[in-house]
Every structure is written in structure tokens, then in C-alpha cells.
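A.B. asks: Everything below, folded, please.
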Amino acid sequence: MSQEERKNPGVDLAITFIYFKDLPKAMAFYEDIMGFTLKIDQGFCKIYQASSNGMVGLVDEVRGFHKASEIKPIILCYRVPDVDEWYAFIKGKGVEIFRDLKTSQEEKIRAFLFHDPEGHVIEVQSGL
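C.D. replies: Okay, here's the model as predicted:
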């Protein structure tokens, strides 16, 4: 298959949807802690700008396609220019970090991890 045959018709932006039992609490976290801006308000679903072309959608499980689950089999990973600056920013907000800032030569990243209010793992990383 040629490169031209593999080319898709285009994507304007990517949205990752995650599900919550307490949508207002999730909104407060993504606005006040993460500093994301609400871009699309669908009532039961709040879509936030996470980067220039990436968004995260917070969905109320009462109306969403899925229900919130105790097991969170995803990681929301945000690649940033300066992970040390983000580490200080998140710690300054009082968020508990469960995997401290470290460098992985094997993965070629410097990263740390924490949870949102309902236990979704958030990784913030910079490349080496």
C-alpha cells in the first residue's frame, strides 16, 4: 500500500473521553489544578483544551456511553516542554504525586504521575 493510499481524509482534533461519578468535582480539578480551558459544553460532557490539538472530555456517567469504573485502565499523558516546571506547578497545587519525578534513559523521558479526583492516572513528561 502506498503512502497516498494510507492517508486518511484528515482529523481536526483528538478528544479522549473519561467518565466520572462526580462531574463538578472533575471539572474543578481539570480547570483549577490542570489549568485547562473549557471549550465545548455539552451539559453532561465538558470538553477541555489540553494542548493545541488535543482535548480531554469529562463525561457524567449518568448520561455517558460508559459508566465510571473503579478500575482505570488508561493513562492520560501530557508531553510538556519543561516537566520540572510542571512538577513544581502540580506540587504547588497540593496534589499528591504517587510516582515522583524521575528520568528513564530507556524510555527517553523525564516524568511523574498523579491521580485526578476519581483515580485516573495522569502522567506529565518531557523527552530527553
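A.B. asks: Could you check the pLDDT of the nearest residue to residue 75 once chain neighbours are set aside?
C.D. replies: Spatial nearest neighbour of residue 75, chain neighbours left out: residue 121 (4.6 Å); criterion: Cβ to Cβ, 6 or more residues apart in numbering. C-beta here means a position set from N, CA and C on the backbone, and glycine is covered the same way. Residue 121 carries a pLDDT score of 98 in this model.
A.B. asks: May I ask you to confirm that residue 121 is in contact with residue 73?
C.D. replies: No - using Cβ atoms under 8 Å, residue 121 is not in contact with residue 73, being 9.5 Å away.
A.B. asks: Those two: which is more packed in?
C.D. replies: Comparing residue 121 with residue 73 by other Cβ atoms under 10 Å, the one with more neighbours is residue 121, at 16 against 7.
A.B. asks: Now do the contacts for the more buried one.
C.D. replies: Shown in contact with residue 121 (Cβ atoms under 8 Å, 6 or more residues apart in numbering): 72, 74, 75, 76, 113, 114, 115.
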